[in-house]
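# need a 3D model of the following:
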Amino acid sequence: MFSNLQIGDDIDQLGLNKSLKDLYSTNYFNNVEIFNDKGIINIKVKENPIIQKVEINGVDNNAIYENIKTITSKIEKYPFMENKVNEQVNLLMNMLKSYGYYFVKLETLINENNNNSVDLIYNFELGEIAKIKKIKFIGNKIFKDSTLRNIVISEEAKFWKFITRNKFLDINRVNLDVQRLEKFYKNRGYYNINIKSSTAVILDENQFELVFNINAGDKFIFNNISFEKKKDISFDKISIFNKNFDDKFILENEFIFINANYETLVLNDNKIDVLIKFEDLKKEYVERINVVGNYITDEKVVRNSLIVDEGDPYNEILFKKSISNIKSKNIFEKVEYNLTEIDSNKKIIDISVEEKPTGEIFAGAGTGTGGHSLTAGIKENNYLGLGIKLDTNINVTEDSLKGKFSVLNPNYNNSDKSIKTVFESTTSDFMNTSGYKTSRTGISIGTEFEQFSDLFVNFELSNYYEDLETASSATEIVKKQEGNYFENLLTYQISYNKLDQNFKPSDGSITKFSQTLPLYADDVAVENKFTRAMYHPLTDNIIVSANLFLKTINSLDDDVRVSKRVNVPGRRLRGFESGKIGPKDGSQYIGGNYASSLNLNSTLPNVFFENENVDFNFFIDLANVWEVDYNNSLDSNKIRSATGFAVNWFSAIGPLSFSYAIPLSEANTDITEKFRFQIGTSF
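Numbers count the residues shown, from 1 in each chain. The predicted model follows:
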């Protein structure tokens, strides 16, 4: 059968040679001889033994064991060939490196059976997991280590990092770090960025120094962007395309079968001219999309990310963005695809995914002039394989305990709208300072969606029950408010996000407005909040920013409850103790009906010494808390201001921040605080 020879065939030496190759290609035979004896074809073979089973020893981790079993099962019941076994050993060693095991010892044994079969035995000695002792950035890197360290995912191993896996050396994670660094530099104009190498140098038995050798090159800016006219597309339509380039516009207009390529011309003064060329695409349609590799994840999670679906016109730009959408879910290790043309205008798309663990345990601690805090939680990004995100966390401070459990469906009922449900409970104990304690428990359900490009809308319906207890030291108005409260609230928020990145932005702005309305409440109050943050880079390492904060709460039938009064968050007003400005009733700071702040900030170069792990900032903070609905005489309507310097230091014991602020204006009831520090880390 394997020789592909049939009785009655015309045969010559060329045909016999082909049969010989066909027999060897099956891998079933160690030796094959074919010869012609007067028309009788004799085939003499020596069979390779069959691998009856593969035995795995020395691996206690269930996840690793199952991955090894998946790989080794592919050669069970197949012929034993030494080169194939060697290939599998290399594959296993590379797979173990992805878990951080770089010092594995593997012994391979072969037991011969009586029926021309063998048992293959792998004896593993995994050794210690390789840890990253230090991360270094060298070369013409432009940016400081403290900035680049926030871009990469890999972390340095510290004694308190007993939960995170990012401290282990993982080649896949390092490759992702390189991609993130390249994207970071290109977004800042470094067109020719080159990460020359990312090497791991062994320091001792199980620790590495991870080194990124960066050549940023010159910084470029766009000089001129032009379009090459096509005879059947008017300049007016090209102008519309330029202003409205998004997925919906492409799908609903004639650009679906047009592709845009570009050419760049680098000028002598570090400027780039861009010529965008339109070209007709062959009119093709998607006949079928096959998804494989999703053993846990429901197929609709993948399909809901597709902009181009079955029956749609095929457009390369939109399809590649579909693949990017799948990758951005962060539930797959790999996402690959293959296109097959079945006739002149139809394509079959095969999407292959490789799943990865999606659960996460986290914990953290912090201490500083504002007190101590502990936080811990568990996250799952792909619950039941449905792409649903679960988040359970608890936060403990010196005067509060807060627990929260949330469920987020990012694409509810294929609507491109998220649905989030939150259960939370908070206890705040201010008996010693203000004479009251509150316990607040509730549930909320909300949705968020992108209404227009960069414009997000959020609606939330919530129910809360609060118990307010007081002590003899409480003010009369607080004692009057003692009791139980129920409220049914509607909150909506509109956000306009034009930041270059959400984490540590360097350019752009973000504006948010939210309002909370009582549908039913034992005390009726309306809350409004407005924030705007703007960032602008003066140089690559000097970023100026301005942050505006406005918040109001007004009761429609009585005085605002003490637990709902507004204050300026401590991080928005340095130079003063948190919560110790504004209206004061006796010895207690009671907050107000209105609060505002403006923060002006600029990063600074390291003037005093060159330390890549230290960031300096100069700031001016202005804030005010004013108006008391039940007693106007308590109002302390005065703008507080302070200026100073802040330092963020990536120290050996974790990220440390401290500031020194000089109050410029204050009320006589305020409590100032010139020096402030905070240290905290995740485990």
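# which helix or strand in the chain has the lowest average pLDDT?
Within the chain, judged by mean pLDDT, DSSP states H and E, the helix or strand with the poorest mean is helix 247-252; its value is a mean of 47.
# which parts of the stretch 301-450 of the chain are helices?
Chain-ordered helices for the stretch 301-450 of the chain, with DSSP state H, counting those that start in this stretch as the definition, fall at 316-328.
# what are the phi and psi values for the closest residue to residue 219 other than its chain neighbours?
With C-beta to C-beta, 6 or more residues apart in numbering as the measure, residue 189 is the residue that lies nearest to residue 219, at 4.4 Å, once sequence neighbours are left out. (Glycine included, C-beta is placed from N, CA and C.) With angles defined as degrees, to the nearest 10, residue 189 sits at phi 100, psi 0.
# I figured residue 189 hits residue 217, correct?
No - at 10.0 Å, residue 189 and residue 217 do not qualify as touching, with contact defined as C-beta atoms under 8 Å.
# show me the shaky parts of the protein.
Counting by pLDDT under 70, the chain contains low-confidence residues at 160, 162-163, 197, 199-201, 203-205, 229-260, 279-281, 606-612, 651-654, 680-683.
# which one is residue 302 nearest to, not counting chain neighbours?
Nearest non-adjacent residue to residue 302, counting by C-beta to C-beta, 6+ apart: residue 291, 5.1 Å away.
# tally of neighbours for that neighbour?
Residue 291 has 19 neighbouring residues, counting by other C-beta atoms under 10 Å.
# in a helix, it, correct?
No - checked against DSSP: H, G, I helix; E, B strand; the rest coil, residue 291 lies outside a helix; its state is strand.
# OK, contacts around it?
When the contact criterion is C-beta atoms under 8 Å, 6 or more residues apart in numbering, the partners of residue 291 are 299, 302, 303, 351, 353.
# same thing but at 7 Å, please
Applying C-beta atoms under 7 Å, 6 or more residues apart in numbering to residue 291 gives the contacts 299, 302, 351.
# and it, how far from residue 355?
Remark: distance between residue 291 and residue 355 (C-beta to C-beta, to the nearest Å) = 12 Å.
# isn't residue 130 up against residue 208?
Yes - at 5.7 Å, residue 130 counts as touching residue 208 under the criterion of C-beta atoms under 7 Å.
# mind listing the shared neighbours of those two?
Counting by C-beta under 7 Å, 6+ apart, the residues touching both residue 130 and residue 208 are residue 169.
# measure the residue nearest to residue 176 when sequence neighbours are not counted to residue 521 for me?
The shortest distance from residue 176 to any residue that is not its chain neighbour, by C-beta to C-beta, 6+ apart, is 6.3 Å, and that residue is residue 153. Applying C-beta to C-beta, one obtains 44 Å for the distance of residue 153 from residue 521.
# do residue 373 as well
The value you get for residue 373 to residue 521, if C-beta to C-beta is used, is 30 Å.
# thinking again about what came up before, narrow the contacts of residue 291 to those in strands?
residue 351 (DSSP state E).
# the contacts of residue 291 into JSON lines, with extra columns for distance to residue 75 and neighbour count?
Conversion of these to JSON lines gives the following (distance: C-beta to C-beta, whole Å; neighbours: other C-beta atoms under 10 Å):
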{"residue": "299", "distance to residue 75": "29", "neighbour count": "15"}
{"residue": "302", "distance to residue 75": "30", "neighbour count": "23"}
{"residue": "351", "distance to residue 75": "27", "neighbour count": "22"}
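# for residue 577, see how far away residue 600 is.
21 Å.
# and the contacts of residue 291, which is closest to residue 508?
Compare each of those with residue 508 using C-beta to C-beta and the shortest gap goes to residue 302, at 31.3 Å.
# doesn't residue 326 make contact with the closest one?
Yes - counting by C-beta under 7 Å, a contact exists between residue 302 and residue 326, whose distance comes to 5.9 Å.
# at the geometric centre of this structure, which residue sits there?
The centre of the chain sits closest to residue 330, judged by C-alpha atoms, centre = their mean, with a distance of 7.3 Å.
# hey, where'd the helices end up in this structure?
13-25, 62-72, 82-98, 145-149, 171-186, 235-243, 247-252, 299-303, 316-328, 476-480 (DSSP state H).
# of all those, which lies closest to residue 531?
Between residue 531 and the helices of the chain, the tightest spacing by C-beta to C-beta is seen for helix 145-149, at 24.4 Å.
# show me what that closest one is packed against.
strand 131-140 (3 or more C-beta pairs under 7 Å, 6 or more residues apart in numbering; DSSP states H and E).
# got the angle for the strand it packs on vs helix 171-186?
Here the directions of strand 131-140 and helix 171-186 differ by 30 degrees (axes from the mean of the first three to the mean of the last three C-alpha atoms, to 10 degrees).
# how about strand 131-140: buried residues?
Using 16 or more other C-beta atoms under 10 Å as the burial criterion, the residues of strand 131-140 that qualify are 131, 132, 133, 135, 137.
# cool, stretch 353-363 as well?
Taking 16+ other C-beta under 10 Å as the neighbour-count basis, stretch 353-363 is seen to contain the buried residues 353, 355, 358, 363.
# return the closest of the residues you listed with respect to residue 591.
Distance from residue 591 was checked for each of the buried residues of stretch 353-363 by C-beta to C-beta. The minimum falls on residue 363, at 31.6 Å.
# hey, what's that closest one bridged with?
residue 376 (DSSP bridges).
# just checking, it touches residue 376?
Yes - under the criterion of C-beta under 7 Å, residue 363 makes contact with residue 376 at 4.2 Å.
# so how many other residues sit close to residue 30?
Considering only other C-beta under 10 Å, residue 30 is surrounded by 14 other residues.
# thinking again about what came up before, could you export the contacts of residue 291 as CSV, including distance to residue 63?
Shown next, in CSV, are the contacts of residue 291 (distance: C-beta to C-beta, whole Å):
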residue, distance to residue 63
299, 23
302, 23
351, 24
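# which of the contacts of residue 291 sits closest to residue 615?
The closest of these, once distances to residue 615 are taken by C-beta to C-beta, is residue 302, at 40.7 Å.
# find the nearest non-adjacent residue to residue 615, please.
Nearest to residue 615 is residue 648, by C-beta to C-beta, 6+ apart, at 4.4 Å.
# residue contacts, the one you found?
Residues near residue 648 by C-beta under 7 Å, 6+ apart: 615, 655, 657.
# next, count neighbours for the last one.
Same thing as residue 657. Summarising burial for residue 657: neighbours were counted as other C-beta under 10 Å, giving 16.
# that one and residue 676 touch, don't they?
No - when contacts are counted by C-beta under 7 Å, residue 657 is not listed as touching residue 676 (8.5 Å).
# give the intersection of the neighbour lists for those two.
Overlap between the neighbourhoods of residue 657 and residue 676 is empty, taking contacts as C-beta under 7 Å, 6+ apart.
# mind listing what's buried in stretch 142-150?
Of all the residues in stretch 142-150, those buried under the rule 16+ other C-beta under 10 Å are 142, 143, 144, 145, 146, 147, 148, 149.
# distance check, the first one against residue 499.
Right, residue 142. According to C-beta to C-beta, residue 142 and residue 499 sit 21 Å apart.
# run a quick neighbour tally on the closest residue to residue 188 other than its chain neighbours.
Closest residue to residue 188 apart from its sequence neighbours, by C-beta to C-beta, 6+ apart: residue 540 at 6.6 Å. Here the number of neighbours of residue 540 (other C-beta under 10 Å) works out to 17.
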